[in-house]
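# model this:
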Amino acid sequence: MLAPFPLDEDQLALRRKQLDAAPLPDGVVVDFKPTRAAPANYVSHHDYVLADLSLFESGLQAQTDGYDAVCIDTVSDSGVNALRSMLDIPVIGPGRSQYVIAAMLGRRFGIVTMWRQWFPLYEKILAEIGLADRCAGIRSIDVIPDNRTLMAGKDHALPLLLEAARALVDTDGADVICLGSTTMHEAHAFLQENLGVPVINPGPLSYFIAEALADLGLSQSTAAYPRPQVPKPDMIHAMLEAAAAAETADGNNDEGAQ
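Predicted structure coming up:
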């Protein structure tokens, strides 16, 4: 599981709590790995490029290191397409995974999120996988998120998220709700208990999809994700090594991202 930011052990532990939502079968192990560098947030095309590059670099060695699948810990699905062009093992994006499952569970789905600035990320993936017409709407509560502490100290956000999710169902016509970030996993149980429709927790869903594909011997198509004619992994690693050194030298501690 590739976390989309440089995180310390305590911050990674908050993301590992997603594993408590739906325990995997015995023998399945999920390791969380942070990136070496990252954008401060995911709010512009500048950020999207850096996010793709940082997660791409973070996952390049996964197959060599003996992993059976790779998941991305952000519904932006950053780095997924690039990693699929380099790895034979399944590479799973929680964004596209939850939208496909939502389309199976209902006629139309809605996305509830913390921050309006993330809307283009959802629209990008929906357009890419051809499900934009199945999305009834996107609603945010405009509470600025924190990529390190997730929803800690944000209990006040839960009723706001519930109100937004109910509006997606009652006003926009959604019959399934998708969470707009894997960092919102702490809100899943509350929303599921208080809504009369399925609520999808994208992180745990991606683990189960990865486990199923690995067991079935299925992976992404090389016809859809062709290998590069001249792979340059050493260049990618060198770029991120330099970026991490520059971030350390600057004392950069960016906050607030997906």
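# pick out the residue nearest the middle of this structure.
residue 74 (1.8 Å; C-alpha atoms, centre = their mean).
# what's the closest non-adjacent residue to that one?
Sequence neighbours aside, residue 4 is the residue nearest to residue 74 in space, at 4.5 Å (criterion: C-beta to C-beta, 6 or more residues apart in numbering). C-beta coordinates here come from the backbone N, C-alpha and C atoms, glycine included.
# was I right to think the one you found contacts residue 56?
No - the pair residue 4 / residue 56 is not scored as a contact, 11.3 Å apart, by C-beta atoms under 8 Å.
# out of these two, which sits in the more crowded spot?
residue 4 (26 against 22; other C-beta atoms under 10 Å).
# residues contacting residue 195?
Residues near residue 195 by C-beta atoms under 8 Å, 6 or more residues apart in numbering: 162, 165-166, 169, 177.
# any idea how far it lies from residue 97?
As for residue 195, its distance to residue 97 is 20 Å (criterion: C-beta to C-beta, to the nearest Å).
# thinking again about what came up before, how near is the residue nearest to residue 74 to residue 215?
26 Å.
# what average pLDDT does the helix or strand harbouring residue 83 get?
For residue 83, the enclosing helix or strand under DSSP states H and E is helix 80-84. Regarding helix 80-84, the rounded mean pLDDT is 98.
# over to stretch 192-206?
96.
# centre of the chain to it, how far?
15 Å (C-alpha atoms, centre = their mean, to the nearest Å).
# rewinding a little: Throw the contacts of residue 195 into JSON lines and include secondary structure, thanks.
Shown next, in JSON lines, are those (DSSP: H, G, I helix; E, B strand; the rest coil):
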{"residue": "162", "secondary structure": "helix"}
{"residue": "165", "secondary structure": "helix"}
{"residue": "166", "secondary structure": "helix"}
{"residue": "169", "secondary structure": "helix"}
{"residue": "177", "secondary structure": "strand"}
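# perfect, that will be all.
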